[in-house]
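# Here is the input, now give the coordinates:
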Amino acid sequence: MYDRFADVYDRMMSETPYDMWFERLLGYLQRQGKTCGHLCELGCGTGEMTGRFADVGYEVTGIDLSPDMLALAAEKKKDRQNILYLNQDMTDFSLHKPADVVLCICDSINYLLEEDQLCDLFGCVRAVMPEDGLFLFDMKTEYCYKEILGNEIRMEDEEDYTVIWDNAYDPETKINEYMLTMFMRDPGSGQYERWDECHRQRAYSPDRIRKLLREAGLELRDCFGEDMEAVHGTTEERIYFIAQPYKGH
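Next comes the predicted model:
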């Protein structure tokens, strides 16, 4: 996954509102008193968010399964930024020190197709988190897959590459499949080469997420819509979850 896609990922994501996401996430953390400390981002990709948090003083560890994505992230790292990048699976990761905040955004968790994988991820998060830690993550909703993406075809056509997304959602399995076809121009020969990748994501209900978090020793503290302020509605494309270690009653 993301093998050849890493080459064009940043350009395809150029309209992604990273600055707005960052401001909303940072605002929430500041309201919770998490103004500094060690932040771990799971599925950090090419480091767009890790860099932003490092710029405002956090010590950041970025974890991703794709070496190609991490190589691009490392290229962006500035000398003054305190960032460590690790090539690990977010369902089986460990850290050199506890994480005050664990972050996983841009629907990375939707890529986990089995509940056992979510349990492994949540267990790893609990293991690296102190009692006052926070776990923030987002997930695309079934509404997004079913009503927004649907069975659509999307194309990005630029001077040196063309990417075609063929999207299909199965309401029975709740799995969304993206068939990705890429044509990339070789700068030397000018010829185009084709690659194909298949990406799958699964929709989970907030109630199911709450249960799986609890089984891993975490409890769901807040659940927001895309503005990270109001309670999520039934037509949200993305939901933000905030969890913390379960303290019992």
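
# So residue 181: helix, strand or coil?
strand (DSSP: H, G, I helix; E, B strand; the rest coil).

# let me fix that: residue 51
Classified using three-state DSSP, residue 51 is helix.

# what's around the closest residue to it other than its chain neighbours, how many residues?
Spatial nearest neighbour of residue 51, excluding adjacent residues (CB to CB, 6 or more residues apart in numbering): residue 76 at 5.9 Å. In this view, the C-beta of every residue, glycine as well, is placed from N, C-alpha and C. Applying other CB atoms under 10 Å, we find 14 residues neighbouring residue 76.

# check contacts around residue 155.
162, 163, 164, 165 (CB atoms under 8 Å, 6 or more residues apart in numbering).

# quick one: which of these is nearest residue 207?
Using CB to CB, residue 165 is the member of these that lies nearest residue 207, at 29.7 Å.

# In a strand, the closest one, correct?
Yes - under three-state DSSP, residue 165 falls within a strand.

# how near is it to residue 176?
11 Å (CB to CB, to the nearest Å).

# again, but for residue 237
For residue 237, the distance to residue 176 - CB to CB - is 12 Å.

# Look at these two and report which has more neighbours.
residue 176 (23 against 15).

# Next, the buried residues of stretch 156-166.
Going by neighbour count (16 or more other CB atoms under 10 Å), the buried part of stretch 156-166 is 161, 162, 163, 165.

# Surely the third one and residue 153 touch.
This points to residue 163. No - the criterion here is CB atoms under 8 Å, and residue 163 misses it with residue 153 at 11.3 Å.

# which residues in the protein form strands?
Assigned by DSSP state E, the chain shows strands spanning 38-42, 59-64, 83-87, 101-104, 134-140, 153-157, 161-170, 175-185, 192-202, 218-224, 238-245.

# Most tightly packed of the ones you listed?
Comparing those by mean neighbour count (mean count of other CB atoms under 10 Å), strand 38-42 ranks first with a mean of 26.

# That one pairs with which strands?
Take DSSP bridges as the rule and strand 38-42 pairs in its sheet with strand 59-64 (parallel), strand 101-104 (parallel).

# circling back to that earlier point, adding mean pLDDT, write the strands of the chain out as TSV.
TSV is the format used below for the strands of the chain (pLDDT from 0 to 100):
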stretch	mean pLDDT
strand 38-42	98
strand 59-64	98
strand 83-87	97
strand 101-104	98
strand 134-140	97
strand 153-157	85
strand 161-170	89
strand 175-185	89
strand 192-202	89
strand 218-224	93
strand 238-245	95
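
# so can I have JSON lines of the ones you listed showing distance to residue 115?
Below are the strands of the chain laid out as JSON lines (distance: least, CB to CB, whole Å):
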{"stretch": "strand 38-42", "distance to residue 115": "17"}
{"stretch": "strand 59-64", "distance to residue 115": "21"}
{"stretch": "strand 83-87", "distance to residue 115": "25"}
{"stretch": "strand 101-104", "distance to residue 115": "16"}
{"stretch": "strand 134-140", "distance to residue 115": "13"}
{"stretch": "strand 153-157", "distance to residue 115": "29"}
{"stretch": "strand 161-170", "distance to residue 115": "17"}
{"stretch": "strand 175-185", "distance to residue 115": "13"}
{"stretch": "strand 192-202", "distance to residue 115": "9"}
{"stretch": "strand 218-224", "distance to residue 115": "15"}
{"stretch": "strand 238-245", "distance to residue 115": "15"}
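
# Indicate which one of those is closest to residue 210.
So among the strands of the chain, strand 218-224 is nearest, using CB to CB, at 4.6 Å.

# Which other helices and strands does that closest one contact?
Using 3 or more CB pairs under 8 Å, 6 or more residues apart in numbering; DSSP states H and E, the elements in contact with strand 218-224 are helix 115-128, helix 206-215, strand 238-245.

# What separation do you get for the residue nearest to residue 240 when sequence neighbours are not counted and residue 121?
The spatial neighbour of residue 240 that comes closest, neighbours along the chain excluded (CB to CB, 6+ apart), is residue 224 at 4.5 Å. Per CB to CB, residue 224 is found 20 Å from residue 121.
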